Every structure is written in C-alpha cells, then in structure tokens.
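**Student:** Sequence first, predicted model second:
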Amino acid sequence: MLQKLWEVEEISVPKLVSEADEFCEQYFADTTRRLSDGRYMVRLPFKSEFPESVTLGPSRTTAMGQYVRLHKSLSKDSDLRKQHDNVLQEYVDLGHMTEAEPFEVIIKNKYFFFYLPLHAVVRPESKTTKLRVVFNASRRTTTQFSLNDVLHKGPTLQSDLLGILLNWRLYKYVFNGDIEKMYRQILVHPDDRQYQRLLFRPQSSSIIKDFELKTVTFGVNCAPFLAIRILRQLAEDYLPQRAPTKFLKLDFLERRQAARRMGYCANCLASTHRLHECKSNEVCHRCGDLQHTLLHAVNNGGRSKSPSNKPKSKVVA
C-alpha cells in the first residue's frame, strides 16, 4: 500500500525508448504501405540476429501432432468441434488465409517457415463465444527458439486505461466502440506469411491441408504493436483533412493543451510519439515555423505572427 502511494504521488518520468523499439518504429515507417482498397500491409519485425545466430527448427510435425490431438479431444463434443471448424473456415471464406503447398524451406539447416500449433480455449460460461481458437507462436522448435523469440515485440502503444477513464470526465457524452476483427483488417506482406502457417481440415476436404494466414494474427507477439500503430497511422493520414470544428475554434494555447491531453504531439499532432521525441520537419503554412499549421500561433492582438529571419525551430510547450 505504501509503495502504491509513492507511485501515485511520484512525478512521472518519460520512459526511455529502447533501440529495439526505435527499430520497430523505423521499420514500420519504411515498410508499411497502403493498398488501393485502403487496407494497410505490414512486415513482421524480425530481430537482426535472425537467421544468423538465432534460427528456427522444424515446426510442421509438431503442429500436425497438436492438431490431431486437438481434434481427437474436440470429437467428444460435436458442438465444440463444429465451432472450432467454423472459426477456421471463416478465415478461408473471408480470404484471411489461403491454402499453401505442404513443405518447409530449409537453407543450411535453417528453417524459414513456422507452423502455428492450434489450441482451443473453452469458456462454458460465455454467452457469445464459448470456444476460442488460439495460435501458439511461442511454441519452441528443436533449436529452442519460437517465432516470438525471433520477432521484436514492439513498444506498448495502448493508452493507459486510467488515463482513458479520466479523459471521459472531460466530456458530457462519450462513445465506446469495437473494431470487428481488428487484427484481421491488416494484411501481412506475402514474404512474411510463411511464418504464419497452420494445419486445418476444411469442411469440404477429408485430408488435413496447409494454410497461410494473410493478416496480423493474435498470438504473434508483435500483433498488438502493429494493430495500434496502424490505427495511429490512419489517424495521422486523415487528421489534417478532418480536424473537428470544435478544435478549429480553439485558440493557439487551447489547441496545444487539447493535443497534449488527447495524447498527440504538440508540435506535429502525431500520436506515435510525444513532444520531447518529435523529429518532424513539417512547416507551418502560415508562419513558416517547424510546427503543424493547426497549431499556428497568433500575437496578443489576434494577428498571425510573421515569419522571422531566424533559423526555424520547434515550438516548445
């Protein structure tokens, strides 16, 4: 209790960004692209040690054994087995996974494929989803490394729950929503999909077939980072064009305060970093300073500040 008291009263200190987190952010920026249909496509952030010093071993045999055992267990309850098969069949029907050739790529005894063992989590008390299919990317291969071991997890981008709840007190009305199949709205680059393979017997087949998951997959350690980062990227892509009228009516200081309160950088309005981390070179279209145009400052008389001959510098709150 005493420790928690000190933590509450302590002034928060910005967390240091690790080299791994910096790599994930830069790799995301360099490799993520948006397709013509509006969807984003990402790459999996593999560690630099892979595949030289950290390697994967065979995984298909392990995944096959797990699938056979799982189906044998679910056969005791036809309803659960049907739910399990329906979940994976939906992946096929929606185009979120596609059939693949049954082989593994091996180069100098190093495996460049990974098969995700399947597990079923049963929750009898649930009123909606009584069975949930889990993709186990932490199952180690013969090299003692799993897919999650060779991937960077990425920084935690989710906002603190306490902060979200406190922000709700600032408004008269709040809305709570859910993005259906959030992870599965994001495509994984074709060159990385062989690391998201699984085994499944479709309803129209009598044999077990190989499949590749085409989207960001729950169970892979970098999935939360990729999903939240895509949300922030989407917000950044649309924020300048769709700034809310209420925000535009605020004065300079109020806009900066609102941006900080909602978790945006007070220089560029990005949600991927904070003010002290900002490296934006965006120039205000009205005064020429290094800041977002929506954060343009005015003099006390209400007139825009004129561009100066001094070197451009960021506005610091």
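**Tutor:** On my side now, so go ahead.

**Student:** Could you tell me the per-residue confidence at the nearest residue to L269 once chain neighbours are set aside?
**Tutor:** Nearest residue to L269, sequence neighbours excluded (CB to CB, 6 or more residues apart in numbering): H292, at 4.8 Å. (C-beta placed from N, C-alpha, C; glycine too.) pLDDT, H292: 75.

**Student:** One more: I179?
**Tutor:** pLDDT recorded at I179 is 89.

**Student:** Against Q185, how distant is it?
**Tutor:** To Q185, I179 is 7 Å away according to CB to CB, to the nearest Å.

**Student:** Between those two, which is the more surrounded one?
**Tutor:** Q185 (17 against 10; other CB atoms under 10 Å).

**Student:** Next up, phi/psi of the more buried one, please.
**Tutor:** Dihedral angles of Q185 (phi, psi; degrees, to the nearest 10) stand at phi -80, psi -10.

**Student:** quick one, what contacts it?
**Tutor:** Neighbouring residues of Q185 by CB atoms under 8 Å, 6 or more residues apart in numbering: R39, I179, T215.

**Student:** Would it be right to say that D192 lies in a helix?
**Tutor:** Yes. According to DSSP: H, G, I helix; E, B strand; the rest coil, D192 belongs to a helix.

**Student:** of the contacts of Q185, closest to D237?
**Tutor:** R39 (12.7 Å; CB to CB).

**Student:** So what does that closest one have for phi and psi?
**Tutor:** phi -80, psi 150.

**Student:** How about it, nearest residue that isn't a chain neighbour?
**Tutor:** Closest to R39 by CB to CB, 6+ apart is L187, at 5.7 Å.

**Student:** does the one you found have beta-bridge partners, and which?
**Tutor:** Assessed by DSSP bridges, L187 has beta-bridge partners M41, T215.

**Student:** measure T98 to I230 for me?
**Tutor:** Distance of T98 to I230, computed by CB to CB: 21 Å.

**Student:** Look at the two and report which has more neighbours.
**Tutor:** Using other CB under 10 Å, the more surrounded residue of T98 and I230 is I230, with 22 against 12.

**Student:** could you give the mean pLDDT of the helix or strand containing that one?
**Tutor:** Assigned by DSSP states H and E, I230 belongs to helix 223-238. Mean pLDDT, helix 223-238: 88.

**Student:** Would you mind writing the CA trace of that helix as PDB?
**Tutor:** In PDB, the C-alpha atoms belonging to helix 223-238 read as follows (Å, rounded to 0.1, in the frame of the first residue of the first chain):
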ATOM      1  CA  ALA A 223       0.500  -8.100 -33.300                       C
ATOM      2  CA  PRO A 224      -0.700  -5.500 -30.700                       C
ATOM      3  CA  PHE A 225       2.000  -3.100 -31.700                       C
ATOM      4  CA  LEU A 226       1.200  -3.400 -35.400                       C
ATOM      5  CA  ALA A 227      -2.500  -3.100 -34.900                       C
ATOM      6  CA  ILE A 228      -2.400   0.000 -32.700                       C
ATOM      7  CA  ARG A 229       0.300   1.600 -34.800                       C
ATOM      8  CA  ILE A 230      -1.900   1.200 -37.900                       C
ATOM      9  CA  LEU A 231      -4.700   2.900 -36.000                       C
ATOM     10  CA  ARG A 232      -2.400   5.800 -35.300                       C
ATOM     11  CA  GLN A 233      -1.200   5.900 -38.900                       C
ATOM     12  CA  LEU A 234      -4.800   6.000 -40.100                       C
ATOM     13  CA  ALA A 235      -5.400   8.900 -37.700                       C
ATOM     14  CA  GLU A 236      -2.300  10.800 -38.900                       C
ATOM     15  CA  ASP A 237      -3.300  10.200 -42.600                       C
ATOM     16  CA  TYR A 238      -6.700  11.800 -42.000                       C
END
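
**Student:** for the stretch 201-317 of the chain, what spans make up the strands?
**Tutor:** Using DSSP state E, counting those that start in this stretch, the strands of the stretch 201-317 of the chain run over 209-213.

**Student:** One more: the stretch 51-200 of the chain?
**Tutor:** Going by DSSP E, counting those that start in this stretch, the stretch 51-200 of the chain shows strands at 97-100, 106-107, 110-111, 118-122, 131-135, 187-188, 197-200.
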